[in-house]
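Asks: build the 3D model from these lines:
(one chain, ligands or ions: 1)
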Amino acid sequence: MIKPGLKIGIVLTLILVLPSLFFSAYEISNLSKNEAVIDSIYTGQLESVLFSLNQYSDDVLSGWANRLERETEDINTLLLKNYSIDAVGIRDDDFKLFTKEKIPEDSLANLISTLELDFAANLNKIELLQRYVKSGYRKIEALPNSLAGKSLFAFALQKDSLSAKTVLLLVDTDKFISENMGPKIQSVAQERFYISVFKNETEEVYANQIQSDEDKNITQKKDIWLFPAYQLGIQMRGNTIEDLVRERTRTNIVLLVVMDLILLLAAWFVYKNIRKQIRLNQMKTEFISNVSHEIRTPLALINMYSETLEMGRIPTEEKKMEYYKVINTEANRLSRMVNKILNFSRIERGKREYHFTNTNLNAEIENILANYQDHFDQNGFEIELQLADQVPDIKLDKEAVAEAIINLIDNGMKYSADIKKIELITYLDADFVRVDVKDYGIGIEKKDQPMVFDKFYRVTTGNLAHKAKGSGIGLSIVKHIMEAHHGKVELTSEFGKGSCFSLLFPVK
Ligand code: ADP
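Replies: Prediction:
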């Protein structure tokens, strides 16, 4: 049969600890999945930032095209207002080129011929743009060109229902990035992102923020639609996504582990408490059986001896006296036992009352010994008394103190084998008057010493301890009595050699 304590332990583990451990294991195994989800959310967010920047550069170009189309601005004003536009070319029947500043004739002729060549090389695309615009859709196209550091854009403008002209925009790429995209990058990035622009994958040409190479951890890059050789890069500032996810994971794991530990601790606590209750119950059951046994023995003796006397079969007066004595002794034992139980029950109900009077402990002890001398003699015990010369009077409940001392002497007698001697010593020790009750009996093992004052606790290992009858409440009563006197009871004992119980009464 499974022990009740073990059963409760198993049940607690099953209903409390196991589900939480399973949950934790499940959560921990899912953390990496969650990490991936968070990672993709962050990545998506960064991507949309880059998308919006690309979109914005497109819008800038469309804005210029709109202004030229609606003629809200003439070409020269557009050139003046926009630092990054180097030149605007109109290809109609002829080719006219407008530049920002006057440039020498031969340079202008050079530039025109270069642009003409680029134009010719992209004729297919330009025809497509013209076809688009005729059907109502104006598209701006980046054309491959032969001018270093420049970008060439083309779009068509409707002239009349049949024909269209082509506009070429020659833009300085780096200027466009710093002048037109820069402010937008700054406003989008704010304090949250580090955004930079790369040329040819590695050369950083613009950034919203100065950042050291060690801090740089640009995980996401996107091509800039308008400038194929350029890329936009983005990174979270402060914590990288990995940092954030790792931190979150770490916090989650720590929380789960702490929660599990608390649960385990709580389960352990509940288990210990229940086990204690079960043990207390077992001890109570044993107590009842022990007490019944202890009461039955003297009763049986009294019964037997009184019946024998009643039958008048005892021949001599001397023998009769012997029988009377046995009856008397057993009746006393019985009454001590019953008193002990009644006192214990009063203590348990919190109903035990004490009446203190100024008492001389030496005198009181002599009194107790005189009353119990017969009891010691009958058991063949010698009580050796060593009283201090003088002890101050202290406030005592005489009856309770007698009960405590008799309990200790009784125990001394009960748990002694060969050496039938008990020493009673009184002396002054600092602020206490001490009474030592010392025996040369079986002693108490170290592991049991802290427990012997617990109610119902009995040591049952060892031959004598096993055989000795007892209820397990004597020392708990002694402890209660001493606490009521604001004193204490101490134990020193050596297993196999004997024990010394000391009652300490405070002088004040
Ligand atoms: P009991 O009725 O069993 O003697 P107590 O409360 O008086 O109950 O004592 C508790 C336990 O302490 C005893 O069962 C015994 O094992 C141990 N004990 C008490 N006094 C002594 C002693 N003088 N020597 C050895 N063991 C003792």
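
Asks: mind listing the strands for the stretch 201-350 of the chain?
Replies: Taking DSSP state E, counting those that start in this stretch, the strands of the stretch 201-350 of the chain run over residues 203-207, 220-223, 230-236.

Asks: of these, which approaches residue 40 most closely?
Replies: Residue 40 lies closest, by CB to CB, to one member of the strands of the stretch 201-350 of the chain: strand 220-223, at 12.1 Å. Just so you know, the C-beta spots here come from the backbone N, C-alpha and C atoms, and that holds for glycine as well.

Asks: would you mark the buried spots in the closest one?
Replies: 220, 222 (16 or more other CB atoms under 10 Å).

Asks: with stretch 173-184 instead?
Replies: Buried-residue list, stretch 173-184, by 16+ other CB under 10 Å: 173, 174, 175, 176, 177, 178, 180, 181, 182, 184.

Asks: starting at the chain centroid, how far to it?
Replies: Stretch 173-184 has its C-alpha centroid displaced from the chain centroid by 52 Å (CA atoms, centre = their mean, to the nearest Å).

Asks: which residues touch residue 429?
Replies: Residues near residue 429 by CB atoms under 8 Å, 6 or more residues apart in numbering: residue 504.

Asks: could I get the phi/psi values of it?
Replies: For residue 429, the backbone dihedrals (degrees, to the nearest 10) come out as phi -140, psi 110.

Asks: same check, this time on the one 3 residues further on
Replies: For residue 432, the backbone dihedrals are phi -120, psi 150 (criterion: degrees, to the nearest 10).

Asks: that one and residue 502 touch, don't they?
Replies: No: if you go by CB atoms under 8 Å, residue 432 and residue 502 don't touch, sitting 9.0 Å apart.

Asks: which of these two has more neighbours?
Replies: residue 502 (21 against 18; other CB atoms under 10 Å).

Asks: what does the protein put close to the ligand?
Replies: 411-412, 415, 439, 441-444, 452, 457-459, 465, 470-476, 499 (CB under 6 Å from any ligand atom).

Asks: nearest to residue 140 among the buried residues of stretch 173-184?
Replies: Once CB to CB is applied, the member of these that ends up nearest residue 140 is residue 176, at 13.3 Å.

Asks: so for that closest one, what's the pLDDT?
Replies: Note for residue 176: predicted pLDDT of 94.

Asks: which residues touch the residue nearest to it when sequence neighbours are not counted?
Replies: If the residues on either side of it in the chain are set aside, residue 176 comes closest to residue 84, at 4.1 Å by CB to CB, 6 or more residues apart in numbering. Contacts for residue 84 were tallied using CB under 8 Å, 6+ apart; they are 171, 172, 175, 176, 179, 180.

Asks: pairing partners for residue 429 in the sheet, please.
Replies: Note on residue 429: beta-bridge partners residue 432, judged by DSSP bridges.

Asks: can you give me the distance of it to residue 507?
Replies: In this view, residue 429 and residue 507 are 10 Å apart by CB to CB, to the nearest Å.

Asks: look up how far the ligand lies from the residue of the chain most remote from its centre.
Replies: Seen from the C-alpha centroid of the chain, the residue lying at the greatest distance (CA atoms, centre = their mean) is residue 315, 82.5 Å away. Using CB to the nearest ligand atom, to the nearest Å, one obtains 39 Å as the distance from residue 315 to the ligand.

Asks: and residue 346, what does it touch?
Replies: Neighbours of residue 346 in contact, by CB under 8 Å, 6+ apart: 352, 353.

Asks: now, which of the contacts of residue 84 lie within helices?
Replies: Among these, the ones falling in helices (DSSP state H) are residue 175.

Asks: so which of the contacts of residue 84 is the closest to the ligand?
Replies: Among these, residue 180 lies closest to the ligand (CB to the nearest ligand atom), at 94.7 Å.

Asks: wait, the closest one touches residue 58, no?
Replies: No: using CB under 8 Å, residue 180 is not in contact with residue 58, being 11.1 Å away.

Asks: on that earlier part again, please identify the deepest-packed of the strands of the stretch 201-350 of the chain.
Replies: With neighbours taken as mean count of other CB atoms under 10 Å, the strands of the stretch 201-350 of the chain reach their highest mean count in strand 230-236, at a mean of 22.

Asks: so which elements touch that one?
Replies: helix 18-70, strand 193-199, strand 220-223 (3 or more CB pairs under 8 Å, 6 or more residues apart in numbering; DSSP states H and E).

Asks: which strands and helices sit next to the first one?
Replies: What it means is helix 18-70. By 3+ CB pairs under 8 Å, 6+ apart, helix 18-70 packs against helix 75-81, strand 150-158, strand 164-172, helix 182-189, strand 193-199, strand 220-223, strand 230-236, helix 241-310.

Asks: wait, which of these is closest to residue 36?
Replies: helix 241-310 (8.9 Å).

Asks: ok and the closest one relative to helix 18-70, angle-wise?
Replies: 160 degrees (axes from the mean of the first three to the mean of the last three CA atoms, to 10 degrees).

Asks: next, the angle from helix 241-310 to strand 230-236.
Replies: Using the same axes, to 10 degrees: helix 241-310 against strand 230-236 is 20 degrees.

Asks: so which residue is dead centre in the chain?
Replies: Geometric middle of the chain (CA atoms, centre = their mean) lands on residue 258, at 2.7 Å.

Asks: from the ligand, how far out is it?
Replies: From residue 258 to the ligand the distance is 42 Å (CB to the nearest ligand atom).

Asks: try residue 252
Replies: 52 Å.

Asks: ok, now which ones touch residue 476?
Replies: By CB under 8 Å, 6+ apart, the neighbours of residue 476 are 344, 347, 453, 454, 455, 456, 457.

Asks: kindly recompute the last result at 10 Å.
Replies: 344, 347, 348, 407, 452, 453, 454, 455, 456, 457 (CB atoms under 10 Å, 6 or more residues apart in numbering).

Asks: ok, now residue 313?
Replies: Contacts of residue 313 by CB under 10 Å, 6+ apart are 307, 319.

Asks: what about it, distance to the ligand?
Replies: From residue 313 to the ligand the distance is 36 Å (CB to the nearest ligand atom).

Asks: same question, residue 75
Replies: Taking CB to the nearest ligand atom, one finds residue 75 at 112 Å from the ligand.

Asks: per-residue confidence for that residue?
Replies: The model's pLDDT for residue 75 equals 89.

Asks: relative to residue 272, how far out is the closest residue to the ligand within the stretch 1-150 of the chain?
Replies: Taking CB to the nearest ligand atom as the measure, the point where the stretch 1-150 of the chain comes nearest the ligand is residue 5, at 22.0 Å. Per CB to CB, residue 5 is found 9 Å from residue 272.

Asks: returning to what we had before: now do the shared contacts for residue 432 and residue 502.
Replies: 487, 488.

Asks: about what we covered before: so for the residue nearest to the centre of the chain, what's the pLDDT?
Replies: For residue 258, pLDDT reads 90.

Asks: any idea how far residue 18 is from it?
Replies: 18 Å.

Asks: nearest to the ligand: which residue in the stretch 201-350 of the chain?
Replies: For the stretch 201-350 of the chain, CB to the nearest ligand atom, closest residue to the ligand: residue 290, 7.5 Å.

Asks: and the residue lying closest to that residue once chain neighbours are set aside, helix, strand or coil?
Replies: Spatially, and ignoring its direct neighbours in sequence, residue 290 is nearest to residue 471 (5.1 Å; CB to CB, 6+ apart). Here residue 471 is coil, with the state taken from DSSP: H, G, I helix; E, B strand; the rest coil.

Asks: surely residue 471 and residue 343 touch.
Replies: No: between residue 471 and residue 343 there is no contact under CB atoms under 10 Å: 11.8 Å.

Asks: so, low pLDDT: which residues of the stretch 401-508 of the chain?
Replies: 463-466 (pLDDT under 70).

Asks: would you map the helices across it?
Replies: 463-467, 474-484 (DSSP state H, counting those that start in this stretch).
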